[in-house]
Structures are given as C-alpha cells and as structure tokens.
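[1] fold the following for me, if possible:
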Amino acid sequence: MNHSSDKIILIDGFNLLSRGYFATSFNKEPHELQRNQDGRYVNAVNVFMTKIFQLIREQSPTAIHVSWDGKRSDILRTKAYDQYKAQRNDLPEPLVDQYHYLEEILKELNVPQSAARGYEADDIMGTLAKRWGSEMKGKVVLYSNDRDLFQLIDENITQRVAKKKMEIDYNLFLFKEEFDLHPSQWVDVKALLGDTSDNIPGCPGVGEKSAYPLIRKYHHLDGVYQAIANDSLDTSFKRYKTKLINGEKLARISYELATIETEVPLISEIPLDSLALTFSHTDAETIMQNHGLRKPVSF
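    The predicted model follows:
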C-alpha cells in the first residue's frame with residue numbers, strides 16, 4: 001500500500017517546553033508565572049500546546065508524536081563519557097511541574113508520546129523518522145531547535161528550526177545550499193567541532209574554519225585520519241595536523257556522542273498506525289478549556 005501522502009510531525013518535547021518556559025519566565029519569580037484555575041503553572045504549557053495546534057493547521061499531518069528524554073543518569077552517552085551534559089543545572093520546579101502536567105494533557109488528547117530508558121528524545125525521533133520514511137514512504141517534519149537532528153534530513157525528512165521571530169524548514173536542498181555538505185556528514189563536523197551546550201569536547205584547536213573544509217575534502221572523520229596516516233593531508237591543513245593527531249581520541253568519542261541512534265529498542269516496535277492524529281478541534285477546545293488553557297486555533 002502506498003502511504004506517500006502520510007505526514008508525521010515529530011516533536012522534541014522538552015526542547016519546545018523549555019523554550020516556552022524560559023521565554024515566558026524571564027525576570028519573573030515563580031509566584032509571578034501564569035497559573036490556571038487549579039493553581040497549576042501553565043506559562044510553558046500554553047506555548048507548547050499553541051505550537052502543536054499551529055503545526056497541525058499548517059502541516060495537515062496524518063500522525064503526530066512527542067518524544068521525551070530518558071532520565072539523565074540513565075543516558076547511555078553519559079555512561080560512555082561522564083562529562084556529557086555534566087554542566088547542566090537542575091531544572092526550575094515550575095518547569096518540572098509543567099512537564100508532568102503536559103504529559104497528562106497530551107494523554108487526554110490521545111497524542112502519542114514516548115521516552116526510552118538510556119536514550120534521548122533525538123534518538124526516539126531518529127528511530128521514528130527513519131521508520132516513517134522507509135515503511136510509510138511518507139513525509140516527516142522534525143520540530144526542534146536541536147541542530148544535532150540535521151544529520152537525519154533526507155528526501156523525506158525536514159527539520160523546522162525557530163530563528164528569532166521566524167521558523168525555517170531545512171530540507172535536503174536548503175541544508176546542502178547553506179552548509180555545502182550532505183546531512184549525514186553533520187556528525188563528522190560535530191566530531192571535530194564538539195558542542196559546548198552538550199559538553200561534547202570535539203578536537204581541541206579545530207574550529208569552524210577548518211572543520212567544515214576538512215569534511216568537505218575528506219568526506220568523513222575516517223577520511224581525515226586516513227589522510228594523516230597516509231601522510232597525504234593537504235598542505236592547507238598542515239597547521240592543524242598536530243592538533244588532529246593529539247585530539248583523535250576526543251574526536252572519536254565526540255563522533256559517538258553526536259550520532260543519533262535510529263534503532264532504539266521498543267521504539268522500533270511501535271506500530272506506526274498507532275501514531276495517527278485522532279483528536280478533533282472540538283476535542284482540543286474542550287480539553288484546553290477544562291485546563292484553563294489558551295483556545296486552540298482552528299485546524
């Protein structure tokens with residue numbers, strides 16, 4: 001059966017929720033944050049749900065799914081590299097409360113949501129995105145500002161990223177045009193550059209001016225180190241040779257940390273038809289009203 005008209009929106013749950021929280025709580029004390037009639041914090045929940053309804057209206061998806069990170073102490077990347085995201089502070093209590101509240105609301109709406117022990121939302125999104133493209137032959141919209149997800153972009157998968165007051169849809173064409181790379185090479189670039197937000201070390205001393213050209217010329221991280229081993233590294237990169245040699249171990253670790261898992265156990269077994277969008281605008285109106293939340297846009 002041809003499902004090519006099917007489209008799924010995969011939402012990075014905590015990425016959207018935390019952006020909504022910090023945007024609406026800046027310079028505010030907890031007692032100043034918006035609450036509903038039951039006294040529950042809703043400043044971030046309102047942002048989250050408003051965005052979901054907007055995406056449904058704009059994209060007309062046939063399916064939807066919200067992915068959540070597993071417990072931080074269980075994440076496999078942390079076990080492989082104990083400094084991974086080690087700089088992250090504890091989350092504000094009103095944000096944690098809204099995470100649990102949002103889970104309840106999504107359940108009432110029958111919005112599929114998942115977390116997997118040992119894995120992050122990226123991995124769940126990667127698993128479902130690749131499955132949807134291969135099994136359903138349909139389109140995928142990744143909604144997240146996490147640029148790690150760029151590596152998933154292909155003929156079927158697009159990532160929508162919020163920039164300032166607009167949102168940009170990175171498809172295969174736009175990605176190649178902006179970065180002069182294939183999306184699959186994004187992880188090779190990250191292996192050299194690292195990522196301070198996730199505490200991924202990268203290769204010390206190698207920055208954007210060298211990382212992008214190195215991967216464009218040698219295609220992947222292995223290609224860079226093969227050129228060094230063969231003593232065939234282009235002379236234009238001569239001043240980086242020692243840094244690359246000394247930083248190889250960290251670059252290899254960074255590659256593993258930056259690679260999104262696309263075969264997460266259990267997530268690989270979820271029936272894709274169970275992700276169908278089943279609630280109506282009337283359902284959404286009723287549930288939002290019951291929780292003292294913003295009225296949904298029509299869809």
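
[2] any idea how far the residue located most distally from the centre of the chain is from residue 52?
    Taking CA atoms, centre = their mean, the residue of the chain most remote from its mean C-alpha position is residue 231, at 37.8 Å. Going from residue 231 to residue 52 by CB to CB, to the nearest Å gives 54 Å. (C-beta placed from N, C-alpha, C; glycine too.)

[3] ok, residue 218 next?
    42 Å.

[4] where do the strands of the stretch 51-200 of the chain begin and end?
    Under the criterion DSSP state E, counting those that start in this stretch, the stretch 51-200 of the chain contains strands at 63-67, 113-114, 139-143, 157-163, 166-170.

[5] where does the protein dip in pLDDT?
    Across the chain, the ranges flagged by pLDDT under 70 are 1-4.

[6] please repeat the previous calculation with a cut-off of 50.
    1-2 (pLDDT under 50).

[7] domain map for it?
    Listed domain ranges for the chain are 7-177+260-290, 183-258 (source: automatic domain parsing).

[8] would you format those domains as CSV with distance to residue 299 included?
    Below are the domains of the chain laid out as CSV (distance: least, CB to CB, whole Å):
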stretch, distance to residue 299
domain 7-177+260-290, 4
domain 183-258, 30
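
[9] contacts only, for the closest residue in space to residue 95 that isn't next to it in sequence.
    Sequence neighbours aside, residue 21 is the residue nearest to residue 95 in space, at 4.7 Å (criterion: CB to CB, 6 or more residues apart in numbering). Residues in contact with residue 21 (CB atoms under 8 Å, 6 or more residues apart in numbering) are 43, 44, 47, 92, 94, 95, 98.

[10] same thing with residue 32?
    The contact partners of residue 32, taken as CB under 8 Å, 6+ apart, number zero.

[11] against residue 148, how distant is the residue nearest to residue 95?
    Distance from residue 21 to residue 148, by CB to CB: 21 Å.

[12] bridging residues for residue 167?
    With DSSP bridges as the criterion, residue 167 is bridged to residue 162.

[13] secondary structure of residue 254: a helix, I assume?
    Yes - counting by DSSP: H, G, I helix; E, B strand; the rest coil, residue 254 is found in a helix.

[14] now do the SS call for the residue farthest from the centre of the chain.
    coil.

[15] next, give phi and psi for it.
    Dihedral angles of residue 231 (phi, psi; degrees, to the nearest 10) stand at phi 60, psi 40.

[16] repeat that for the one 10 residues further on.
    When read as degrees, to the nearest 10, the backbone of residue 241 gives phi -60, psi -50.

[17] how about it, nearest residue that isn't a chain neighbour?
    Excluding the flanking residues, the one nearest residue 241 by CB to CB, 6+ apart is residue 233, at 5.8 Å.

[18] pull the contacting residues for the one you found.
    Per CB under 8 Å, 6+ apart, neighbours of residue 233: 224, 227, 241.

[19] select only the buried ones of those in PyMOL?
    With 16 or more other CB atoms under 10 Å as the criterion, this PyMOL line picks the buried residues out of the contacts of residue 233:
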select buried, resi 224+227
